[in-house]
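>>> got a structure for you, letters missing:
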Ligand SMILES: Cc1ncc(COP(=O)(O)O)c(C=O)c1O
């Protein structure tokens, strides 16, 4: 029987979930926090490339990549080697108190991926939410202002500061009391549902008007606003790209008023869209960039990268015990190398290939309302009726579940979107399998309505 190392497409050998998976799920229900949102019964054991094997020996094609984390696939040999070598040499030294040669080495590499007119500096943390927390603190510190503007549908994390920005699903905020003051949200340019009938290139003009003509005049004077934070492609909110002109205009407005532009690349970054950073498609240079997920192939590492003139805070203003842990940094160094030399280009190429194959989905499947994204960040919005665009969360969930039972791992996003965010190393055979499988699922689900 071929091993996980040898196969490229799924192989299911038991009903799902299998007997071993059922045992783990029962133990999990007894001891684990019920707040975790498992969409289906995958109990993972090992992984290689874009394949994940479960505890019963079933293999799946992973088009979720641990929520866009396993950028170089599961357990890439070069990442594993780097992690093992570093773990044998030094597991921990706190970068807050001491130096380690890997810290400036990775910081320099990261900054080199974000060219622009200004030099940049880096702070390492452990998770996306920490990167956002740090960015909020830095923006307030640097501007001596405290107001923040974010967008409806955005997801920036679940700790209390980042949660104050998050406006994706009300369950994420409900019952957690008063969040950070001085935060307001404005609509995100959502071309498929643009109330003004704009296209994916022009949607958002009215939002910028709202910002300048209403928000700035009636709520927050611009000189009170520390930062505007945006995901260039909303992730959790439904894989919705912001038009390039919108990001460019936002930058202009920020520059005009001394407001910092924070770009959250936690999900969209590290080569996933075919460029290092999704904001590069708009040719802007943000003041602060938040990075996590794909940067270390699954080891917990995040960063926020700020223009040198912004990151001027004093010794002791911000710190961390684990952030920039040597093992995670070693993993990130190996990851960036792989992305630079092959996977970023592969993400672009495979993204073009997949979008080329999906161009007629809205014509062929009546439940597919919209297909959107960039590179290997692909969203498919599921509707009950293409004319009314009625959101069909139940049909979306049915597709995601059926795909799992056929060996394809995807995730939901937003209210009614399927997200595909595979490892950046997938090939055409794997893309074809995913496309074929989703098409089968659409046909089966369409028969039920
Ligand atoms: C854009 C974005 N920002 C921040 C976060 C929070 O990251 P973490 O879950 O690592 O705290 C996420 C997580 O999905 C995200 O997608």
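Cool, the structure landed. Worth saying up front: this structure is predicted, and the values here are computed from it rather than measured.
>>> residue numbers of the stretch 251-400 of the chain in contact with the ligand?
For the stretch 251-400 of the chain, the contact set with the ligand under C-beta under 6 Å from any ligand atom comprises 264, 266, 267, 292. In short, each C-beta sits where N, CA and C put it, glycine included.
>>> what's the next secondary structure element after the helix or strand hosting residue 61?
Using DSSP states H and E, residue 61 sits in strand 59-62. Using DSSP H and E, the helix or strand that follows strand 59-62 towards the C-terminus is helix 65-68.
>>> next up, phi/psi of whatever residue of the stretch 301-449 of the chain ends up closest to the ligand, please.
Proximity to the ligand, evaluated over the stretch 301-449 of the chain using C-beta to the nearest ligand atom, is greatest for residue 302 at 6.6 Å. Dihedral angles of residue 302 (phi, psi; degrees, to the nearest 10) stand at phi -140, psi 170.
>>> can you count the residues close to residue 28?
Per other C-beta atoms under 10 Å, the neighbour tally for residue 28 reads 14.
>>> surely it is within a helix?
Yes. Assignment of residue 28 by DSSP: H, G, I helix; E, B strand; the rest coil places it within a helix.
>>> which of the residues of the stretch 251-400 of the chain next to the ligand fall in strands?
residue 264 (DSSP state E).
>>> most centrally placed residue in this structure?
residue 267 (1.6 Å; C-alpha atoms, centre = their mean).
>>> can you pull the pLDDT of the residue of the stretch 51-200 of the chain found nearest the ligand?
Distance from the ligand to each residue of the stretch 51-200 of the chain (C-beta to the nearest ligand atom) is smallest for residue 128, at 2.1 Å. pLDDT recorded at residue 128 is 98.
>>> I'd guessed it sits against residue 302; true?
Yes. Under the criterion of C-beta atoms under 8 Å, residue 128 makes contact with residue 302 at 5.7 Å.
>>> residues shared between the contacts of those two?
266, 290, 292 (C-beta atoms under 8 Å, 6 or more residues apart in numbering).
>>> closest one of the residues you listed to the ligand?
residue 266 (3.4 Å).
>>> show me what contacts that closest one?
Going by C-beta under 8 Å, 6+ apart, residue 266 touches 128, 131, 132, 156, 157, 231, 235, 290, 291, 292, 293, 302.
>>> just checking, what packs against the lengthiest helix in the chain?
When the chain is parsed with DSSP state H, its longest helix is helix 428-446. If contacts are counted by 3 or more C-beta pairs under 8 Å, 6 or more residues apart in numbering; DSSP states H and E, helix 428-446 sits against strand 59-62, helix 344-358, helix 393-405, strand 408-409.
>>> would JSON lines of those with mean pLDDT, mean neighbour count and distance to residue 177 be doable?
Below are the helices and strands packed on helix 428-446 laid out as JSON lines (pLDDT from 0 to 100; neighbours: other C-beta atoms under 10 Å; distance: least, C-beta to C-beta, whole Å):
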{"stretch": "strand 59-62", "mean pLDDT": "98", "mean neighbour count": "26", "distance to residue 177": "37"}
{"stretch": "helix 344-358", "mean pLDDT": "98", "mean neighbour count": "18", "distance to residue 177": "40"}
{"stretch": "helix 393-405", "mean pLDDT": "98", "mean neighbour count": "19", "distance to residue 177": "28"}
{"stretch": "strand 408-409", "mean pLDDT": "98", "mean neighbour count": "26", "distance to residue 177": "35"}
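>>> in TSV: the ones you listed, plus distance to residue 369.
As requested, the helices and strands packed on helix 428-446 are exported to TSV (distance: least, C-beta to C-beta, whole Å):
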stretch	distance to residue 369
strand 59-62	25
helix 344-358	13
helix 393-405	10
strand 408-409	20
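>>> among those, which is nearest residue 106?
Minimum separation from residue 106 across the helices and strands packed on helix 428-446 (C-beta to C-beta) falls at helix 344-358, 17.0 Å.
>>> centre of the chain to the closest one, how far?
Put simply, helix 344-358 sits 18 Å off its chain's centre (C-alpha atoms, centre = their mean, to the nearest Å).
>>> can you list contacts of whichever helix or strand comes after it?
For helix 344-358, the succeeding helix or strand toward the C-terminus, using DSSP H and E, is helix 361-364. Residues outside helix 361-364 that contact it (C-beta under 8 Å, 6+ apart): 368, 369, 370, 371, 380, 386, 439, 442.
>>> give me the mean pLDDT for helix 361-364.
Here the average pLDDT along helix 361-364 is 98.
>>> circling back to that earlier point, contacts only, for the residue of the stretch 301-449 of the chain closest to the ligand.
Contacts of residue 302 (C-beta under 8 Å, 6+ apart): 124-128, 130-131, 266, 290-292, 295, 323.
>>> could you do residue 179 as well?
160, 163, 164, 173.
>>> residue ranges with poor pLDDT in the stretch 1-150 of the chain?
1-5 (pLDDT under 70).
>>> interface residues of it facing the ligand?
So far as C-beta under 6 Å from any ligand atom goes, the stretch 1-150 of the chain lies against the ligand at 67, 127, 128, 129, 132.
>>> could you say which helix or strand holds the fourth one?
Okay, so that is residue 129. Assigned by DSSP H and E, residue 129 falls in helix 128-143.
>>> could you pull out the buried residues of that helix?
Neighbour-count burial for helix 128-143 flags 128-143 (criterion: 16 or more other C-beta atoms under 10 Å).
>>> now do stretch 212-226
Quick answer for stretch 212-226 (16+ other C-beta under 10 Å): 215, 216, 220, 222, 225, 226.
>>> right, and out of those, which lies closest to the ligand?
Nearest member of the buried residues of stretch 212-226 to the ligand, counting by C-beta to the nearest ligand atom, is residue 226, at 18.1 Å.
>>> that's a strand at the closest one, yeah?
Yes. Assigned with three-state DSSP, residue 226 falls within a strand.
>>> which residue ranges form the helices in the stretch 101-250 of the chain?
Applying DSSP state H, counting those that start in this stretch to the stretch 101-250 of the chain gives helices spanning 102-112, 128-143, 160-165, 205-209, 244-257.
>>> so what touches the second one?
Counting contacts by C-beta under 8 Å, 6+ apart, the residues outside helix 128-143 that touch it are 123, 125, 146, 148, 156-159, 161-162, 165, 180, 226-227, 229, 258-260, 262, 264, 266-267, 287-288, 290-293, 302-304, 306, 310-313, 317-318, 320, 323.
>>> make a PyMOL selection of whichever of those turn out to be buried.
Buried subset of the contacts of helix 128-143, written as a PyMOL selection, criterion 16+ other C-beta under 10 Å:
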select buried, resi 123+125+146+148+156+157+158+161+162+165+226+227+229+259+260+262+264+266+267+287+288+290+291+292+293+302+303+304+306+310+311+318+320+323
